[in-house]
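Asker: My questions concern the predicted model and sequence given below.
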Amino acid sequence: PDSNGVMTSVTTMKGINEKILSLNYKEFKAEIKTADAQKSHKEGVTVLVTGCLTGKDNLRRKFAQSFFLAPQDNGFFVLNDVFRYVEDREPLEPHPVNGVEDAIAVTVTSEPGKIN
């Protein structure tokens, strides 16, 4: 969603490019937390990146990005790319089940030498 909480969809290559350019990411600071890569189809590479982006408003937003690097003569090019902001999750409020609100803690242990 944009700064007003409104979701926007674009479906054409031109529309996607215009939308990305309008977001003005040049003014954002990126902080990469993790980057994982795996060899994939026809010597390509699948990459998963997580981190945070901080804009002029000093709002730090977590993100995840996955992309596929396809080989070409002089290296690789991005064939597919998925980017998503990841919002923090809030704890769930307890809801009664069959009229019971409190959960009963159960500890499961196995007997020594016995395989469950």
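Answerer: Cool, got the structure.

Asker: Check which helix or strand residue 20 maps to.
Answerer: helix 13-22 (DSSP states H and E).

Asker: List the neighbouring strands of whichever helix or strand comes after that helix plus their orientation.
Answerer: Using DSSP H and E, the next helix or strand after helix 13-22 towards the C-terminus is strand 29-39. Sheet pairing here is set by DSSP bridges, and for strand 29-39 it gives strand 45-54 (antiparallel).

Asker: quick check: mean pLDDT across the partner strand?
Answerer: What strand 45-54 shows for mean pLDDT is 96.

Asker: how many degrees apart are the following helix or strand past that strand and strand 29-39 in direction?
Answerer: Scanning forward in sequence from strand 45-54 by DSSP H and E, the next helix or strand is strand 60-72. If you take axes from the mean of the first three to the mean of the last three CA atoms, to 10 degrees, strand 60-72 sits at 40 degrees to strand 29-39.

Asker: elements contacting strand 60-72?
Answerer: Packing partners of strand 60-72 (3 or more CB pairs under 8 Å, 6 or more residues apart in numbering; DSSP states H and E): strand 45-54, strand 75-85. For every residue, glycine as well, the C-beta is placed using N, CA and C.

Asker: Show me what residue 70 is bridged to.
Answerer: residue 77.

Asker: From what I see, it and residue 81 are in contact.
Answerer: No. Using CB atoms under 8 Å, residue 70 is not in contact with residue 81, being 11.4 Å away.

Asker: neighbour count winner among those two?
Answerer: residue 70 (16 against 13; other CB atoms under 10 Å).

Asker: for that one, what are its contacts?
Answerer: The contact partners of residue 70, taken as CB atoms under 8 Å, 6 or more residues apart in numbering, are 42, 44, 76-79.
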